[in-house]
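Participant: Everything below, folded, please.
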Amino acid sequence: MGMIPIADDNSDLTLTPFVNYLLLAANIAVFVLLQGMGANDRFTYAFSTVPMEIVTGKDVVTPAHRVEDPVSGQSFVQPGLQPTPISVYLTLLVSMFMHGGIAHLAGNMLYLWIFGDNIENALGTGATSSSTSSAGSSLRWPTCSPRSLPTATPLCRAWGRRGRSPACSAATCSSSRAGACAC
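Facilitator: Model prediction:
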């Protein structure tokens with residue numbers, strides 16, 4: 001059983017959460033404008049973090065290939081990795097703003113909307129922006145280490161906020177009376 005936050009009491013906020021608003025806008029803009037609502041595979045497969053690229057420091061480009069769904073038997077073409085027009089190391093930051101679909105985006109933005117302002121209020125604007133970028137990129141490092149058997153499979157998850165928000169919200173927002181519903 002999971003919990004879905006539905007509201008929180010922000011009566012004790014002492015600042016306007018500009019970083020939180022900027023993160024919400026950036027995530028939505030990247031998904032709508034650059035990822036084409038999830039339809040722009042070329043962008044997604046060019047800017048996703050690829051463990052093999054991070055370990056070797058070299059861009060990996062692969063051809064598209066046909067894949068068969070083992071359950072339905074349907075066959076489809078899976079795009080290959082595209083050339084990365086920036087340093088492969090910058091994909092650690094860029095891919096934090098990428099999402100796999102509308103449900104992924106909606107879930108992450110819901111948690112960011114509910115808990116992000118409380119975290120920014122507790123840490124301050126400067127600390128929030130630096131901790132978000134450092135946490136988001138550093139949480140990808142375990143999958144990119146030489147010991148983790150680096151693969152050419154792209155990681156396009158928003159681990160920075162999703163992996164961080166529930167833990168931080170439990171630690172910093174326990175007194176802010178966040179409401180949630182179980183599902």
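
Participant: Run through who's touching stretch 76-93.
Facilitator: For stretch 76-93, contacts defined as Cβ atoms under 8 Å, 6 or more residues apart in numbering pick out 41-43, 45-50, 53-54, 57-67, 69, 94, 133, 136-137, 140, 152, 154. Every C-beta, even on glycine, is put in place using the N, C-alpha and C of the backbone.

Participant: That one: end-to-end distance?
Facilitator: 30 Å (Cα to Cα, to the nearest Å).

Participant: follow-up on the earlier one: so which of the contacts of stretch 76-93 are in strands?
Facilitator: Among the contacts of stretch 76-93, the ones falling in strands (DSSP state E) are 65-67.

Participant: between these, which has the most around it?
Facilitator: Neighbour tally across the ones in strands among the contacts of stretch 76-93 (other Cβ atoms under 10 Å): the maximum, 11 neighbours, falls on V67.

Participant: my guess is it contacts Q74, does it?
Facilitator: No - at 9.4 Å, V67 does not count as touching Q74 under the criterion of Cβ atoms under 8 Å.

Participant: where along the protein do the helices fall?
Facilitator: Along the chain, the stretches classed as helices by DSSP state H are 18-29, 41-47, 51-56, 91-94, 102-123, 125-138, 159-162, 165-172.

Participant: closest to D9 out of those helices?
Facilitator: When the helices of the chain are compared by Cβ to Cβ, helix 102-123 sits nearest D9, at 9.5 Å.
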